[in-house]
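Q: Coordinates for the following, if possible.
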Amino acid sequence: MSLKRVTLLKDKIVDFNTYPFSLPLIQRLDQLHFDHPVTFFVGENGSGKSTLLEGIAYQCGFHTAGGSRNNSYEVDQAESALGDYLRLSWLPKLTNGFFLRAESFYQFASHIDDVDSIKNYGGKSLHHQSHGESFLTLFTQKFTHAREKSIYLLDEPEAALSPARQLSLMRIIKDLSPRSQFIIATHSPILLGYPDAEIISFDQDRLEPIHYQDTDHYQITRRFLENPKRMLDELFSDDD
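A: Numbers count the residues shown, from 1 in each chain. Model prediction:
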């Protein structure tokens, strides 16, 4: 791995009662080690996985609303509140890569149009493609054509992808992982099934690895698919 470790500089934090330092993540994190080419962050909404991923992107020099070191554009609240409190340990350090943030991808696509850079994305505006198509264009055109070793930080990439296209993304990750590193925050039980990846749970007392079959995402999805009627009956039942 190139990114070996993330350290939270707790001695720099003045007020643990303000966001994001009030997140359970801050209490659980001292150091996080990366030992696999593909690492997933998994946890409930508000657990801090996207906040940490954004902080890593900030320390990598990537635009925190989405992009690489070469992208510069104005987006409200694009600064990472956690980034200055993280230290990244590399061997070797990578300067090439990309941060995908699903919720602000529209602004990134507008930026690409503004700087007339669509030639790097298949020659077609990302706005002139469906949401899922534009995501895949990014993966297939920008990622697979990279000539240098890279680190890719993906925040909920499944947001615009059908199950079939999530499988396509897994194939892209497989093709790139020998020379690239991926850290992905996701809720997708499909993506979490990527072989030999490390899954870090943000829902435990500590940030620690968890087996795929032990994640809530796998357990709940499996229970639903095996017996949807039973789960829906339980969900919709009126308690006396």
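Q: Tell me where the model's unsure across this structure.
A: Low-confidence segments of the chain, defined by pLDDT under 70: 1, 70-79, 102-132, 142, 144-146, 239-240.
Q: Go again with 50.
A: 73, 77 (pLDDT under 50).
Q: In what element of secondary structure is Lys174 found?
A: Per DSSP states H and E: Lys174 is located in helix 163-176.
Q: Report all helices and strands that whichever helix or strand comes after that helix contacts.
A: The C-terminal neighbour of helix 163-176 among helices and strands, as given by DSSP H and E, is strand 180-185. Judged by 3 or more C-beta pairs under 8 Å, 6 or more residues apart in numbering; DSSP states H and E, strand 180-185 is in contact with strand 38-42, helix 49-60, strand 150-155. C-beta here means a position set from N, CA and C on the backbone, and glycine is covered the same way.
Q: what's the longest one packed up against?
A: The helices and strands touching helix 49-60, judged by 3+ C-beta pairs under 8 Å, 6+ apart, are strand 3-8, helix 24-28, strand 38-42, strand 86-90, strand 97-101, strand 150-155, strand 180-185.
Q: Out of those, flag the one nearest Arg69.
A: With C-beta to C-beta as the measure, strand 97-101 is the member of these nearest Arg69 (8.1 Å).
Q: Strand 180-185 and the closest one, what's the angle between them?
A: 20 degrees (axes from the mean of the first three to the mean of the last three C-alpha atoms, to 10 degrees).
Q: so how far is strand 97-101 from its chain's centroid?
A: 8 Å (C-alpha atoms, centre = their mean, to the nearest Å).
Q: Repeat that for stretch 84-92.
A: 17 Å.
Q: quick revisit: reformat the helices and strands packed on helix 49-60 as a markdown table; add mean neighbour count and distance to His211.
A: Output for the helices and strands packed on helix 49-60, formatted as a markdown table (neighbours: other C-beta atoms under 10 Å; distance: least, C-beta to C-beta, whole Å):
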| stretch | mean neighbour count | distance to His211 |
| --- | --- | --- |
| strand 3-8 | 18 | 22 |
| helix 24-28 | 18 | 19 |
| strand 38-42 | 24 | 11 |
| strand 86-90 | 15 | 26 |
| strand 97-101 | 26 | 26 |
| strand 150-155 | 24 | 21 |
| strand 180-185 | 24 | 17 |
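Q: tell me the contacts of Thr186?
A: Residues in contact with Thr186, defined by C-beta atoms under 8 Å, 6 or more residues apart in numbering, are 40-42, 154, 156-158, 192.
Q: since we're on the nearest residue to Met170 once chain neighbours are set aside, how many residues are nearby?
A: Leaving aside its chain neighbours, Met170 sits nearest to Tyr194 (5.6 Å; criterion: C-beta to C-beta, 6 or more residues apart in numbering). The number of residues packed around Tyr194, counting by other C-beta atoms under 10 Å, is 21.
Q: quick one: contacts for Tyr194?
A: Counting by C-beta under 8 Å, 6+ apart, Tyr194 touches 38, 40, 170, 173-174.
Q: make it 7 Å
A: By C-beta atoms under 7 Å, 6 or more residues apart in numbering, Tyr194 lies in contact with 38, 170, 173.
Q: Adding distance to Thr140 as columns, could you present the helices and strands packed on strand 180-185 in a markdown table?
A: Listed next are these as a markdown table, based on distance: least, C-beta to C-beta, whole Å:
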| stretch | distance to Thr140 |
| --- | --- |
| strand 38-42 | 18 |
| helix 49-60 | 21 |
| strand 150-155 | 13 |
